[in-house]
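A.B. asks: build me a model:
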Amino acid sequence: MSAGRAIFVDRDGVLNRAFVRDGIPYPPASLADFEILPGVADAILRLKDAGFLLIVATNQPDVGKGIQRRDVVDAMHARLLTELPLDDIKVCWDLDSPESTCYKPKPGMLLAAAKERDIHLASSYMVGDRWRDIGAGKAAGCFTIFIDRGYAEPLREAPDAICADLGEAAAIILRHASESGILKEERCGS
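C.D. replies: Predicted coordinates:
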């Protein structure tokens, strides 16, 4: 059996609303503030229907910093798993440090998922709204898509594609997968 294909997505700013202060995005502070963005459910369904595994890869260092409770983050993830057909959520709880192997832009979460689920990373995608997401995707060998939210932080390397939201990212993925032969012909509709 051949290896699977996955779409790795960042959480805050891609699936749910991020809170931007001084041009920098922050995660929601409470479950009440956790809002899945418009169009996300449709985009995720289109990608799922195309046969991709859908895996969230998210840095959540605020738990380690003591400014967020893990049970609140777990409740947010439970909501994502209830409302969207996701296959897994990989979380890096570490602070950004040289010792961490999972804190994006390091590819640890993507590599762990690939090993666990027999994912072919060169046939997979990483979608994110920050330079760290693009770095992790590039380091893992994935096609990278940057959702440009206009944050006040520069990209550190060029993504393979740039778009405005997950709906546009899904269209790019489906077109690229079809053109590169990642999708079988019978899956290449619309």
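A.B. asks: just the helices in this protein please.
C.D. replies: 40-49, 62-65, 70-83, 108-117, 131-140, 166-179 (DSSP state H).
A.B. asks: Ile162: neighbouring residues, count only.
C.D. replies: 16 (other Cβ atoms under 10 Å). Yep, even glycine has a C-beta here, placed from its N, CA and C like the rest.
A.B. asks: give me the nearest residue to it, chain neighbours excluded.
C.D. replies: The shortest distance from Ile162 to any non-neighbouring residue, by Cβ to Cβ, 6 or more residues apart in numbering, is to Phe146 (4.9 Å).
A.B. asks: that neighbour against Ala161, yeah?
C.D. replies: Yes. Phe146 lies in contact with Ala161 (Cβ atoms under 8 Å); the separation is 7.2 Å.
A.B. asks: of these two, who's got more company?
C.D. replies: Shown here are Phe146 and Ala161; by other Cβ under 10 Å, Phe146 has more neighbours (22 against 18).
A.B. asks: residues contacting that one?
C.D. replies: By Cβ atoms under 8 Å, 6 or more residues apart in numbering, the residues touching Phe146 are Gly128, Asp129, Asp133, Ile134, Leu155, Pro159, Ala161, Ile162, Cys163.
A.B. asks: distance of Ala158 relative to Lys138?
C.D. replies: In this structure, Ala158 and Lys138 are 9 Å apart, going by Cβ to Cβ, to the nearest Å.
A.B. asks: which residues does Ala6 bridge with?
C.D. replies: Leu53 (DSSP bridges).
A.B. asks: right, and it touches Arg117 too?
C.D. replies: Yes. Between Ala6 and Arg117 there is a contact at 7.2 Å, judged by Cβ under 8 Å.
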